[in-house]
Every structure is written in C-alpha cells, then in structure tokens.
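Asker: predicted coordinates and the sequence they were generated for:
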Amino acid sequence: MSDVVEKTLTALPSLLSLDSHSGSTKLSSSSKLGNLIRGITELTSKHEEEKLIQRELASIKEQVSSPNTSMRQMKELMVRAIYCEMLGYEASFSYIHAIKLAQQGTALEKRVGYLAVSLFLNESHELLLLLVNTVLKDLQSTNLIEVCMALTVVSQMFPKDMIPAILPLVEEKLTHPKEIIRRKAVLALYKFYLIAPNQVQHIHNKFRKALCDKDPGVMTASLHIYLQMIQENPEGYKDLTASFVTILKQVVAGKLPMDFNYHSVPAPWLQIQLLRILAFLGKNDQSSSEIMYDILEESLRRAEINHNITYAILYECVKCIYTIHPKSELLEKAAKCIGNFVLSTKINLKYLGLKALTYVVQQDPKLALQHQVTIIECLDHPDLIIKRETLELLFRITNAQNVAVIVEKMLEFLRGNKDDYTTIDLVGKVAELAEKYAPNNEWFIETMSTVFSVGGDTMQPDIPNSFLKLLSEGFDSVEEDRKLKLFAVDSYVSLLQGEPGKLPQRFLQVISWVLGEYSYLRGELDAATVLRLLAKLLDTKSTSSETKSWVLMAMTKVCEGGVGVSVAQEVCETYSSSLDTALRQRAQELQHLSQDRDLRAKVLPREAGSEPLEVDSSLSFLDGFVSEALAAGAAPYKPHHQRQEELAQAKALSMEPYGLPISMSSCSIADRQSPTLLSVSSGLSGDSPSLSQKGGSTTPKLDGVKRVWGRQGYLVQTEPVEESDLVEVTGPLQSPNQQAGADGPPSQTPTLKPTPQPEQEKQQLASSLFVGLGSQSSLCLMGKPEATTQRFRRKAKGPVLSSSTGEQISNSSVSASSMANNLLCNDLLDSNITSETAAPSLEQTPQLSRDLPAANGACAVESTDRDVKENSASLIGDNRLVAADPAPRGDRGKLKDFSAHLPAEFSGLCHSDISPLASNQSLDVSACHVQKEDSLVLVVFMYNSSDDAIPHILLELRSDELEVSCEGDSPVEEARSRSVAVCQYSLTVKKPSVHVEVAGTVSYQLPVGTSQSVQFSYKLPLTSFIRPLTVSTEEYGTMWLDFSHDTKQKLTPICLGQEPLMDTLNVLKKKLKLHVVEIIGMEGIVACRVLRDQPCLMHCRLHAGALSVWLRSPVPDLPDCLMYHCQRALQEH
Amino acid sequence: MIKAILIFNNHGKPRLIRFYQYFTEDMQQQIIRETFHLVSKRDDNVCNFLEGGSLIGGSDYKLIYRHYATLYFVFCVDSSESELGILDLIQVFVETLDKCFENVCELDLIFHMDKVHYILQEVVMGGMVLETNMNEIVAQVEVQNRLEKSEVLNCLFCHVNSSPINREATKPAVPDQHRLRPL
C-alpha cells in the first residue's frame, strides 16, 4: 500500500504542472520547461545561452536514454527538445525517441511524439521508415483523434516510396462518417498527388466524389487538388466548369450555413479558390468563359462591403476577368475596381492594385495612363515594396520613348537599395531595357556602366556576357559600330583613370576585355597608356586573380611599341612566378607574344569577333597523334561516364549476359562527342568571352530574344504588327520630354488642370513616363516582344526604313492613322511577296504528287538539301497558298503539308503527325518523330516563307531528359526561299520522365543583316522510346535480381474474354510495344527497353480481380514512368 | 502552398517555427534571421507583403506578415495563395489563439508552444489551409483537450481509489482541474 501512496505523491507535481494551462505566468515552478525558458530569458549573451542549452540538451539526452524514464516524462522531455531545436540547437539524439513516443504512448503522448517527429524529420530522413507501421496502426484505430494525428503527420511528410502501403487506408477514409476525417484524408491525398502524382492516378474519381461531398468543408479541401490539377492540365477538366460556377453561385448567394461566414462574407476563402480555378479554366477558352460571366459580375457586385477579405475576393475576380476570354462590360467594371485599389489609402490595397495593373497593362495600357499620377506618387512612396512594384509596372510599359526616364528611375532605386535579391532582379531588367530600347550609344554605354557598378558581382553573369557579345558582333552600320566601341573605350579609359579599385570585379573584366579588343580604334590613344592603366589594375590589392587573368589577356592584345613591351615585360616578371597557374600561363603568353609581333597578329587578329572562327570540333588535327598512340599500344579513349560504369560493373559480380549489341553503339556515339567537349574546354582557357563570341558568331543574340518571348508569350497578335514596329521611331532620338510635348497621349490632356508647382513636376514626369502609351500605344506594346529587331533597328539605315520613320514620328497618335500605317507596312511587305511569288506560281507545272495540287518546280530544284534530295520529285513548296492569299500571313503554317518532305528512308515507318511548332515572318518550324527499330528520329522541317534565301541557319536542340545527336553529316546550313529544309536528330532517353521535351532554337541571319531566332519545344511521350526487349525467361531471372529500382502498383486488368491476364498483356504489348516473355498461370513476365539501352522488366500477377504490377529497372524513375503509361494504356482501352 | 510559418518577437527570438518544406537546421535559422531582419525594419504603416527573400525562394515566394504587440506572425507562401486571404488567415489564427488562451500574450506562446502547434495543425495542415472557420478550429482543439482532461482524471482516480487515505491530498488538485475547461 505504502508504495502506491508514494507513487501518487511523486506523480502529483507533474500532473499539477500539466494542469495549469491558462494562467501561464503562474506556471508551476516544478516545470522543467518553465525553468529552461526562465533561464534563457534571464541570460544576456548569446554565448551564455549556448552554454545553458548545451547543458540542458545533455541532461535531456541522459534522461531520454535511461530505461527508467516513463512515457509521461518522455513527453515532457520531448517538448523541451522541441524548444531547443526551435532555438537552433540540434537534438538529433531525441529523434528516435520521438518516434518511439508516437509508437508506444497513449493518445496524448502520441500527439507530442507525432508533433516532434513532424518538426524534427523531413521526407527523406531514414528514421521515418520506422514510423510507417505506427501510422498504419493509427489509421486503423477507432480513436478519431489518433486517426486525425496520423493523417496530419502523413500530410506533413511521408516517405514517397511508402505511400502505396498506406494509400488504401487513406482512401478508405474518404468515406468516413466524420467530416473532419474526410477533410484531412482529402488533403493527405493532395499531398500524395504533389509528391507522387502517378500513385494517386486511379483515385481521380474519388476526388470527384469529394468535390460533391455533402459537407462544404470536404468540398473546400478537394478544391486544393482541383486547383493544382487544372493548373497543370486545364483541358482535362473543362466539363467541371459549370459545376464550379454553380458552387460559386451558391456560395455567393449565401446558401452555405452561417458558420462559414467571415465578417458576414460567405466563405471568402472558398470563393477565392473557386475564382482561381475559374481563371485557369476560362483562359483562352471562350465557351467556358461565357459560363462564368454572370457569376463574375455577381461576385463583383456582392463584394462591396469594405472589409479586407472582400477586397481579396475582388482582386481575384479582377484577375480572373482579365485572364479569361474578355467581355467588355466586365473589363470595364474590373478596370474600375483596379482604380479603386490603386487609389485606396490602404497600403495593402495599393500594392495589390499595382500588381493588378502590372498584370493587365499589356492588354490595356490605357489603364496605366488613367492612373499615371498615382503611379508617379507611388514612385516616391516611403514603402520600398510599393516602389519596387511600381518599377515592375513601369518595366512593362517601357518603350523606346520613355526608356531613358524609366531606366533612370530604376537606377535611382538601385543606388539606394541594399537587398541583394532586388538588386539582381532589377539590374537584369535595366540591362534588358537598355539593350532593347537604347536611344543612343552614349546612353547605352553609360547605363551599362552604371548597371555593372551597381550590380557588382552579384548580378547574373549573362548580363556582361551579352553586353560583350553585342559589342563584338556589331550591327550593319560599320560607322555606328565603330562609334559605339569608341565611346566604350573612351568612357572606360576615363573610369580607369579615376578610382578603379572601387569597381566590382565583373566590371573590371568587361573593361579590360573592351580595352584589349578595341583600344586601337582610338588612334591617338597610346598603347602604352592603356597598358599602364591595366598594369595599375594588376597592382590593386582588391583585384581578384580571375580579373587579373582578364587583364593580362587584354595586355597581350594591346602590347605594342617600345614602351608597351617594356611595361609588359615588367608585368611578366612579376606574374611568371605567380602561384596561380592560370596567371602564370597568361604571363607567359604575354611575354612571348609581346616579343613576337607577327605571331601575335596571327594568334590574336584584330576584329576577330566579326569573322566566324572555324572550330574543328572533331579535333581531326590530332588524328595522327591518336593513331600513333594507338599503334604504340595506348588504350582507346573512353568517356567519363563509360569508365564509371565499367568501374561499377567491375566491382560487382556481373549477372548480365555478355555483349548486348546496343552498348557498342552508345560507345561509338560517345566517342564522337567527347573530343568536341575537349576541344572547347582546351580552347577556352581563360578568355571565355572572346572565344564564346567567336564560336558563337553564327548563333547571334539568343539571350535577348529568349527573354522577350518568354516574358510576354501570351501576346498573341505580335506578328502582324511587327513589321510596322520595325518602322517605328528609330535613330535620332528626341529627348523624351520634348517628345511628350509634341505628341503626349491625348487621353491625358483632359485631366490636366492648372496645378501648383509640385503637381506640375509630377505631370511632367508623368508625360515623360507614359509617352507612347496613348492610342498609338498598341503599336509600341505589341512591338515589344520583337526586341532584337528594335535593338538592331537603331543601326539599320535602309532608305525604306528611314522614310517611314519620319512618317511614324509625325504620326499624330490617332489610332486610325496608326492603323493605316500598319496596313501600309504590311502592304509594302506583302506586295513584295506577291510580286515575286507571282512569277513562279505562273510557271506551276502539274506534278506527280498526290498531296498537293500545285507545285513550284524552281523551288524543288533549289532545295537541294541533303535530306530532301531523295524525294525532290515530290518536293513542293506551298507558295501556292501564299501567292493566292498574301494577306493572312498567320495562317500559312496550318495549311502546309510537310509529309512530302519526310526523307524517303522513313517512308515505311510509322511517324507522328507533323505538328507546327513555331513560326515568324520568315520561317515556319514543324516537326514529327519517326520510330525506327533502334532509334527515334526527330525530323524538323523549316520552311522559309520569305523571298530571300536564308543562309547560316543554325538549329540547336537541347533537352533535360533526352540526349540529342544529329543524324547524318551536318545540320542544315541554309534554306532557299520558299523551300523546306529538313533536319534529323536521333533522340535517346537520358533521364526518364513521363513526358519528355526537346526545346530548340533556330537562329539565322537574314540577308539584310538582322539576326532572328525562332524558339520551339516539342513534347513526346516516353512510350515512343519503348521497344520490346527479347530475352529468355532465364535471362529475365538474372536481370530481375540485378535491378535496383522498382515500383509496385495494383492496376485494373482488362476483361474481354476468359483470360484477363492475356488480354491485358496483349493490350500493353500492342500499345506500349512490350515483349511478353512468358505467361505462367496467373503470372506474366514482360520486358522492354527504353532507347537506347535501358531495360525495364515487368512482373504482373492477377489476384482477386486486380493486377499487381511490379516494375524493375536499373534506371531510377523509369519504373514509375512506365507504370504511369501502363495505367494510361489500360484506362484508355 | 504555405512554405513556412514563423512567429518571433520584436527581438527576433523565435516563438514558433513551422516549415512545410524541408530546409536544413542551419538554413532554417538563417531564414528566421533574414526574415526578422526584413520584417523588423518595416514601419507599421507600410504594406504587409514582402517579396522575394533570397533564401526561401525566388520571386514566386512572398512573405505575408502581421505585427501584434510584441509578436510578428510571418507566413511564407507561394503564388498559389491569395495575399489578402492569408492576411486574414493570420487574423483568424490569432483570434483562435486568443480564444484558446484567453487574452493570449507572448508568454502563452512560449510556455505552451506545443499547444500552439496543435492549434496551428487544425488551421494549416501540411502547408495547405485546412480550416478557416474559427469556431470549427476551436471545436477541434477542444475535442483534443477533453481527451487530455479525461486522461488526467483517469490517472488520478485510479490512484485515488486504491488509497482512500490519499483523498485529502488530491483535494487541492481538483479546483485546478477546472482550469482546463476553458481551453
């Protein structure tokens, strides 16, 4: 008896401490957590805190590992451990005990255990595997709280591979009578969907059930899933549009229980979620959008109570309205809403208003005009976030006229900014704008100098790179070109004469490259002066050794004359003994080249940038050396990955049969590729920009173009306007203010009233900022994506261009006239086309081809591309269409039939539809893929729709998942006018993924000199790469044991007749080209390989009406992807 | 998705940290420090949104915060969350805490960190908003508390029954029990 009393007495204090929840300050003194916290708050220095916590952790560790510690004490210890971890002190020893607590404790102790686990561990932590059983047990528990806890921890983190183990249990919970359990189960499934989408594919129907759940809470939870899925694939859920609209209607009408109201707004978060979903569904889809118009209007009308949350709904409404197919009345209302936001005194609303403006300004630039005064005010707002958002908005409305003012504002902000992240972002934007819209050379160089000095060494490296590229490639006008370079040299020389030590390293590198390359252009500038300036840089302490390399390289280019050589010699002496090998190398080069003038002229020719440098990528000049070495008994070169593989194989016992034929071919490919890499890396050796520019002279200005297309991709109608845009304001740039005075936007004039002085300043600023945004603004804005043409345009001085320039400037911003102008330009261009194409089309002779009724003989002869040669008889340009109907330029692509151009060797093979990928005014790109037995060939068709031949076409393909290699001798070099050039690439899978994608860029130089590029991407399913793998059952057995990556899942078999297994496998065989190795009773083994040489084995077993499929492969992710496709194949059947 | 929820006081001392995306321990502390640095230097009359902390993720991420007396409540979210929606969610969360703790103050959060976590779990689950209805949240928390209470009582009574002498000793404990109820 007495020991029982004893026990009770000892238990009491801890019980009591547990109880005192509310009056926290009165927390019982015996609480150890309380002591710890109090101890910490009393401390003053970080060091003392550390000591205290370490002591505390040591004591926790001791108690935790003692066998006498009860679960109850453990619970208390765990809370203390959580507290220490929160303060940033690791308590990894307690992790395992947290899991134990979750496993063994009572419900309350479990709760602490689960909490600790979810705070301590992450998805990939190995200890988590120990939790799986606990979760399984708790999911089956009759205690609702335990089930809840398990679902919570599962949605917080769960090992991906273990999902199948608990999935059925979680699914079961979708029909649980308790609403809260259903809700949590839905969210847990959503989490699974996020981390392993193919695992939950089969329960999409259940999601629909959750959407229709009688409890609004469960329905709300299911919207998370739908938002995600619809965002990924809006097409798949169009049928739900009406349902979502109905739900929203009911919510807005207040049909939900009062409980869901928040500040008397019915379920606002639900409304927000629904509006977001609707926006995705209605995007680019008129019929879906039409269903929503009513409810959007209703929402706008209802959300008028002035509470924070109604603004949230309004904001989503507005965004939705501007995303879906436009309806003018709604747009008007939405615009008014945006106005209210922007003008609001509440700063959060102002911020959102600016965001909304930024979002819509491309579609409706006038809206920015209406609020110009507010925008100007926001520029001077004390809140930096508002300021930044305003700059973002201005960035979107920049055009050639207001660029100077906007860039100045951005630089002003940058100078005062301390946040790295913002700096990097904004510096990139300034550089982009400067390249696109630079009004003149001086401004460009100066702006870029500021960018380099402000951006420092944190900025994106492609900014200096593309700047140097721009300088070296130059433009059509040699004179302009020279001036730009000269100005750069001048301004850099004066910078170096100042205090170069303060400049960032990147900038110094740019400066030294420019001086090295172009300082000779300034005749009166003595080489020795430049050398001295550069040498001064070398002596500066803060100069990094990378920069020193650049400087030495520049000196090598410049050193000339007696004084120059002596300066160079001095430098060489210092650095030829440097510890840095790169520097020593440079110093040596400098030493030798400075003494040998002829050699230097040969090695470093001036203006090297303008001439294409021939790179012998096959390193053929080494062939002699290699063959000698091979003859002398050297081992043939093996690429790195192959060596690694062999090494790995050598370590383990090889279970595989020898000599799969495929591995040989992969070896030969690799052999061909690797020397190229080698040559590039050996050629680079330090002076990367000059070389990259040399090598890249056939691939001009990709960066700029890419960015532009990416950012404004959804401006659909850019094409028709861009010709007129070409003609827009060029060369001589008027000062923006002047310009504004001349043709300021008309809509602004009525709002102008006589205003006091500061107001006037604002107005002035406004007019300079918003110039070009008036009714003619559509021109500027639409033209924006055509960045490269603008950039180069300022150099182009063709007679046609300059004449229409004048026209454009004098054009008094009346939309009608700008339209006329637009048409005029189109006409101008089109008439060219018609006149030239008319001639050949008259000569059209009937051809044998069945595909096209008319053909162009001349064209057929001209397009003697290697791939097209074989079927030149059927080679037909489609200029018939162009000649007949020159106006709808956009439609050409659709009507074209490329199948005639498919190389003859593919004629018997199955190929995908030829899909148009991208086009611009002169080039249409389409592609298809052909499945050969041992390879997959991507055939790219490039149709030159212009009247001039396009020389120097460069097609580049890249892909994360695929390995791309060019088939045949060489990629296409040119495309004759109105003919098709064909390229073939062989694709193999590098990294398996459900869908693989190839992105490509076609870049070319138009005869007029401007370079263009077209970007496209081509998506294809992994199934195209699957080929049967013929193996015997024995071989299968050994391979099966070897493979380490696997996945298992239950699929629904297909029942056609008596033998569901056979039927299912036949379907899979037909659809996915698998090889059925053997069927034994209820089990079947199947094998396939993914090109080029990645085997995957499948084992299926029919059991209780379900087909359990087990996939194994040596390649990670491959089983998962194949599982997905199997599932799809069976579902589609 | 909500990526992280941070609560710290005016001096940057963390009071509740919950990450829904994995970061290493060091990274977490760095994020807390940086976030505090960003948030603390902002006046009370500027907007409640911050963009692009470089640590937690690029331009897609936003910090949405509210400042209550001595505490900052910071939610780090991606673009799939509504800014104003989250702002009000913070309000809901704080009001719930207030209901559960009766005039909640910083000390409640310090001493009942685990409790706050449980309440938060009913609002946000695995980075997704689970419940925005305050009454519902409080109801769920209360269900759990009842469990707690019954467990404590069970424990006490089993001892009490076995030793009648000790009944005196347990008496003062009983009134204390009642203090659980408001939770």
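Answerer: Received the coordinates, thanks. Numbering: from 1, shown residues only, chains lettered A, B, ... in the order given.

Asker: all helices of the stretch 1001-1133 of chain A, in order?
Answerer: Across the stretch 1001-1133 of chain A, reading from the start of the chain, the helices by DSSP state H, counting those that start in this stretch fall at A:1033-1042, A:1060-1072, A:1118-1132.

Asker: quick one: contacts for A:V427?
Answerer: The neighbours of A:V427, taking C-beta atoms under 8 Å, 6 or more residues apart in numbering or on different chains as the test, are A:L414, A:V451, A:V454, A:G455, A:M459, A:Q460, A:I463. No exception for glycine: its C-beta is placed from N, CA and C like everyone else's.

Asker: which of the residues you listed are buried?
Answerer: Among those, those scoring as buried are A:L414, A:V451, A:V454, A:G455, A:M459, A:I463 (criterion: 16 or more other C-beta atoms under 10 Å in any protein chain shown).

Asker: now do the contacts for the last one.
Answerer: Contacts for A:I463 were tallied using C-beta under 8 Å, 6+ apart; they are A:V427, A:G428, A:A431, A:V451, A:F452, A:G455.

Asker: could those residues go into CSV alongside pLDDT, distance to A:L248 and secondary structure?
Answerer: CSV is the format used below for the contacts of A:I463 (pLDDT from 0 to 100; distance: C-beta to C-beta, whole Å; DSSP: H, G, I helix; E, B strand; the rest coil):
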residue, pLDDT, distance to A:L248, secondary structure
A:V427, 86, 43, helix
A:G428, 86, 39, helix
A:A431, 87, 44, helix
A:V451, 86, 47, helix
A:F452, 87, 51, helix
A:G455, 81, 46, helix
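
Asker: ok, back up a step: return the closest of the buried ones among the contacts of A:V427 with respect to chain B.
Answerer: Within the set of the buried ones among the contacts of A:V427, A:M459 lies nearest chain B; the separation is 13.3 Å, counting by C-beta to the nearest C-beta.

Asker: how about the closest one, nearest residue that isn't a chain neighbour?
Answerer: With sequence-adjacent residues excluded and distances taken as C-beta to C-beta, 6 or more residues apart in numbering or on different chains, A:M459 is closest to A:V427, at 4.7 Å.

Asker: farthest pair within the contacts of A:I463?
Answerer: Farthest pair in the contacts of A:I463 (C-beta to C-beta) is A:G428 and A:F452. Separation: 12.4 Å.

Asker: neighbour-wise, which of the two wins?
Answerer: For A:G428 and A:F452, the more surrounded residue by other C-beta atoms under 10 Å in any protein chain shown is A:F452, and the numbers stand at 25 against 17.

Asker: what's near enough to touch the nearest residue to the more buried one once chain neighbours are set aside?
Answerer: If the residues on either side of it in the chain are set aside, A:F452 comes closest to A:F507, at 3.8 Å by C-beta to C-beta, 6+ apart. Applying C-beta under 8 Å, 6+ apart, we find A:F507 in contact with A:S449, A:F452, A:S453, A:G456, A:P464.

Asker: I'd like those written out as JSON lines, with secondary structure added.
Answerer: Putting the contacts of A:F507 into JSON lines (DSSP: H, G, I helix; E, B strand; the rest coil) gives the following:
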{"residue": "A:S449", "secondary structure": "helix"}
{"residue": "A:F452", "secondary structure": "helix"}
{"residue": "A:S453", "secondary structure": "helix"}
{"residue": "A:G456", "secondary structure": "coil"}
{"residue": "A:P464", "secondary structure": "helix"}
